[in-house]
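Peer 1: Any chance you could fold what I've pasted below:
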Amino acid sequence: MKGSWRDRPSGSRFSRLWRPWSSLHPFRGQGRSINEPKTVGIRDLVAPPSEVTSRPERRWLIIGTFFALLLLVLIGRLYVLQVVDYHQAVAAVASNSLHVSNIPASRGQIDDRSGSPLVTNLTTVEIRLSRAEAANHPTIDGALASLTGQTVGKIKDDLHNQQYDPYQPAPIMSNAPPRVVEFIKLHPSEFPGVSVLNVSRRSYPEGGNIGAQVLGYVGPINNYELAAHPNDGYRTDSTIGKTGIEAFYERYLRGHDGTSTIEVNNVGQVIGTLKTTQPRIGNSVVLNIDAGLQKALDGYLANGILTDRTIPDPRSGKLPPAINGAAVVLDPNNGDVLAMSSYPSYNLSSFVNGLTTVEFQHLLSEGAFNNYAIQGLYTPGSTFKMVTATAEMKTGILSPNYLVNDTGSFKVPNCRKVGTGGCVFHDDETTGNGAVNLPLALTKSSDYYFYNLGYLFWSQTGRYGLTPIQNVAHAYGLDQFSNVDLPNEVQGRVDSPTVRKSLHSQAPLAFPNVSWYTGDNIEMAFGQGATAITPLGLANAYATFANGGTRYEPEVAAAIVNAHGQTVIRYRPRVLDHIHLPASVRSPILQGLTGVVESPSGTAYSTFHGIINFSMASFPIAGKTGTASNQHGQEPNSLFVGFGPVGHPKYVVVCIIAQGGYGASAAAPVVARTFNYLVAHPVGAVKLKPQLRVTTTTTTPGRTTTTTPGHATTTARHATTTTAPVLATTSTTAGHVTTTTHK
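Peer 2: Next up is the predicted model:
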């Protein structure tokens, strides 16, 4: 056929293009048929179907292999899902469909020793908004903002706050006013996802400014606290005790949260509630604190400090800044803390109603959150003389009737000036007190007498050892934790060669002197140098002396009581140590301390007799003033400690005011007014219902409690190692120095 490709010359371009592929095969003409090509070529792809060799067996092999591999992969994956990951898959499905949320339990109360509530719970109204509904109704944020007076941004922040459970409505407004609540209830269709709930908040029947540092406050748990309690059931939206009793007895006060099991669909919307377990209210803590006394002491301390700031120092002419202070009342017969005050302070109700950042920072800068009774370190001054006098009597280095001629200036025998120090110690009484024995030296607060004791002890170390005074101070507990059941207590210290080196290694600039000279021992003997004690530590030392030598553990809490008012734990007095104080040792010291208040020559005689409104014949008081030097240019610390009645002491009262001036003019009036209250309003016994018959061993932070059937609970609390920043600085003088000290 003309024009057919078959008629084209063999050498033409088309014949070459359409030449069978077999003619190009390398095995052509070597015995292999062209009808059985080894591989698939281009011709097979472009040639007509009639010219392509059919190979169904190879195609089935390829397809079969492919699907066999797919089947193996599918079987393997099913095995992993159904066998290997079975439990994980079941848990994932369950967590996606069911969610358990907490129902917070109400905290237990905190009561005073008579049963009067100091901290209770108040039910308030809270507005909450569902996250899912807020996402479905974008206008709800604006509607709520308009109604509640909040900004849309604030509401959005609350919704995205990760502190709250994502499957529960987020709190939008606390303490909602009645008009807001009523409007939401009357117009539910306008507020989809908005709920009104009654929630429990802390309330203070006696006022939130009574014993604030002792009671403490609660707040939202933070990440550090959450990590510290991994197995205690806390959640990101939990509250926890932050300070004071609220923190120390958190495990009893917090109660047991309830649970609500809710069903959630695949988009996170709540379908319904499947199961609910009701929460159990926490136990209550009954304190040894007397509410009336606590309120009075808070007032006496605050008024005393504010008044002190308005009266010039009679010697320096300056107005004392009186930057902070503390007061404590102890029962010396068992260690009960009857009242504990700290200044400056704050109102606990602020943490319920809400503090602004500015208000919080202001209180923080003032030190209002510090409990200076257990966190303030103060140079004790002449109140330390009771310790040195005890060392004198126990060693016999001087007899109590030995007369020392107090000239007002004590020159260290055989002294050579070392560095910037001197060899003379001056009393603030330039003319001196004349001939004084131990009782009179305490009554008049003769520095000269105790300068001499410090010198005598250091000059006879071969006979009395290196630290005879420090050993007695240790027995009184002044260089230890008092072991009180409150968090963040600071440990006191008593100056010594070892302490001096330790302080230098920790803070070389603050404590540059590492050597210990005669002058250092002299300063330590009358309460100066690097010695620093807490008000509670000083109170407990005098309580030990007042009761005849038994040092008790200071105890704020008296018992743990359940929701039915039944006592489940009763904290009994715990003895920490004994110091041997026979009459030969104790009587001369007691005589001198009694003279401080009752003798016309006593340093606190005029102060007390100008304030007290009771007869000292029926209620005699002993005590000691203290005026401790601070850094140059600063007013001294003002201290006073008293106890009474002297024959059978019931109360020990301590007051310390930092940079408050003289002990007799600033701290002593606070103590005198406190005794006025105590004589007029004696503290009664702790009121408790009968104890439950339980057998349990309970551990409180820092305390181990064992309860046996039918018997009172016995307790053993261990020393707390948590420390807080040093809140009151102390002056340090080393070597042979010239210094002026005060009574």
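
Peer 1: where along the stretch 551-700 of the chain do the strands fall?
Peer 2: Secondary structure of the stretch 551-700 of the chain (DSSP state E, counting those that start in this stretch): strands located at 557-561, 567-570, 575-578, 622-628, 637-644, 651-658, 696-700.

Peer 1: I'd like the ones you listed laid out as a markdown table, including mean pLDDT and distance to Ala339.
Peer 2: (C-beta placed from N, C-alpha, C; glycine too.) Shown next, in a markdown table, are the strands of the stretch 551-700 of the chain (pLDDT from 0 to 100; distance: least, Cβ to Cβ, whole Å):
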| stretch | mean pLDDT | distance to Ala339 |
| --- | --- | --- |
| strand 557-561 | 96 | 14 |
| strand 567-570 | 94 | 21 |
| strand 575-578 | 96 | 21 |
| strand 622-628 | 95 | 17 |
| strand 637-644 | 97 | 14 |
| strand 651-658 | 98 | 9 |
| strand 696-700 | 40 | 22 |
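
Peer 1: Tabulate those strands (JSON lines), appending distance to Pro400.
Peer 2: Shown next, in JSON lines, are the strands of the stretch 551-700 of the chain (distance: least, Cβ to Cβ, whole Å):
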{"stretch": "strand 557-561", "distance to Pro400": "39"}
{"stretch": "strand 567-570", "distance to Pro400": "42"}
{"stretch": "strand 575-578", "distance to Pro400": "22"}
{"stretch": "strand 622-628", "distance to Pro400": "16"}
{"stretch": "strand 637-644", "distance to Pro400": "20"}
{"stretch": "strand 651-658", "distance to Pro400": "23"}
{"stretch": "strand 696-700", "distance to Pro400": "44"}
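
Peer 1: Of these, which is nearest Leu403?
Peer 2: strand 622-628 (21.1 Å; Cβ to Cβ).

Peer 1: and that closest one, what does it pack onto?
Peer 2: helix 583-598, strand 637-644, helix 667-680 (3 or more Cβ pairs under 8 Å, 6 or more residues apart in numbering; DSSP states H and E).

Peer 1: let's see it at 7 Å
Peer 2: Packing partners of strand 622-628 (3 or more Cβ pairs under 7 Å, 6 or more residues apart in numbering; DSSP states H and E): helix 583-598, strand 637-644.

Peer 1: Out of these, which gets nearest to Gly434?
Peer 2: Closest approach to Gly434 among these (Cβ to Cβ): helix 583-598, 15.5 Å.

Peer 1: Name the residues that touch that closest one?
Peer 2: Contacts with helix 583-598, where a contact means Cβ atoms under 7 Å, 6 or more residues apart in numbering, come from 386, 389-390, 393-394, 400, 438-443, 602-605, 608, 616, 620-625, 642, 646.

Peer 1: CA atoms only: put that helix into PDB for me.
Peer 2: Output in PDB follows, covering the C-alpha atoms of helix 583-598 (Å, rounded to 0.1, in the frame of the first residue of the first chain):
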ATOM      1  CA  ALA A 583      19.100  27.400 146.300                       C
ATOM      2  CA  SER A 584      22.700  28.300 146.800                       C
ATOM      3  CA  VAL A 585      22.900  29.200 143.100                       C
ATOM      4  CA  ARG A 586      19.400  30.500 142.400                       C
ATOM      5  CA  SER A 587      18.600  32.600 145.500                       C
ATOM      6  CA  PRO A 588      21.200  35.400 145.100                       C
ATOM      7  CA  ILE A 589      20.300  35.800 141.500                       C
ATOM      8  CA  LEU A 590      16.600  35.800 142.300                       C
ATOM      9  CA  GLN A 591      17.200  38.400 144.900                       C
ATOM     10  CA  GLY A 592      18.900  40.700 142.400                       C
ATOM     11  CA  LEU A 593      16.200  40.200 139.800                       C
ATOM     12  CA  THR A 594      13.500  41.000 142.200                       C
ATOM     13  CA  GLY A 595      15.300  44.100 143.300                       C
ATOM     14  CA  VAL A 596      15.200  45.400 139.600                       C
ATOM     15  CA  VAL A 597      11.400  45.900 140.000                       C
ATOM     16  CA  GLU A 598      10.900  46.200 143.700                       C
END
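
Peer 1: what are the phi and psi values for Asn223?
Peer 2: phi -60, psi -40 (degrees, to the nearest 10).

Peer 1: my bad, should have said Val337
Peer 2: phi -90, psi 110.

Peer 1: excluding its backbone neighbours, what's nearest it?
Peer 2: The shortest distance from Val337 to any non-neighbouring residue, by Cβ to Cβ, 6 or more residues apart in numbering, is to Val556 (4.7 Å).

Peer 1: can you check Asn637 too?
Peer 2: Here the residue nearest Asn637, using Cβ to Cβ, 6+ apart, is Ala628, at 4.3 Å.

Peer 1: So the one you found sits against Pro636, correct?
Peer 2: Yes. If you go by Cβ atoms under 7 Å, Ala628 and Pro636 touch, sitting 5.6 Å apart.

Peer 1: May I ask you to name the longest strand in the chain?
Peer 2: Using DSSP state E, we find that the single longest strand of the chain is strand 117-129.

Peer 1: Show me the chain divided up by domain.
Peer 2: The chain breaks down into these domains under automatic domain parsing: 5-54, 99-287, 291-686+723-741.

Peer 1: Quick one: closest of the ones you listed to Phe67.
Peer 2: Closest to Phe67 of those is domain 5-54 (Cβ to Cβ; 21.5 Å).

Peer 1: mind checking how far Leu70 is from Arg77?
Peer 2: Applying Cβ to Cβ, to the nearest Å, the value for Leu70 to Arg77 is 11 Å.

Peer 1: Buried only: go through the contacts of helix 583-598 for me.
Peer 2: 386, 389-390, 393-394, 400, 438-443, 602-605, 608, 616, 621-625, 642, 646 (16 or more other Cβ atoms under 10 Å).

Peer 1: just to revisit the earlier point, for the helices and strands packed on strand 622-628, which one ends up most surrounded?
Peer 2: Comparing the helices and strands packed on strand 622-628 by mean neighbour count (mean count of other Cβ atoms under 10 Å), strand 637-644 ranks first with a mean of 31.

Peer 1: between that strand and helix 667-680, what angle do the directions make?
Peer 2: 20 degrees (axes from the mean of the first three to the mean of the last three Cα atoms, to 10 degrees).

Peer 1: Tell me the gap between strand 637-644 and the middle of its chain.
Peer 2: Computed by Cα atoms, centre = their mean, to the nearest Å, the chain-centroid distance of strand 637-644 equals 27 Å.

Peer 1: And stretch 598-609, by the same measure?
Peer 2: With Cα atoms, centre = their mean as the basis, stretch 598-609 stands 40 Å off its chain's centre.
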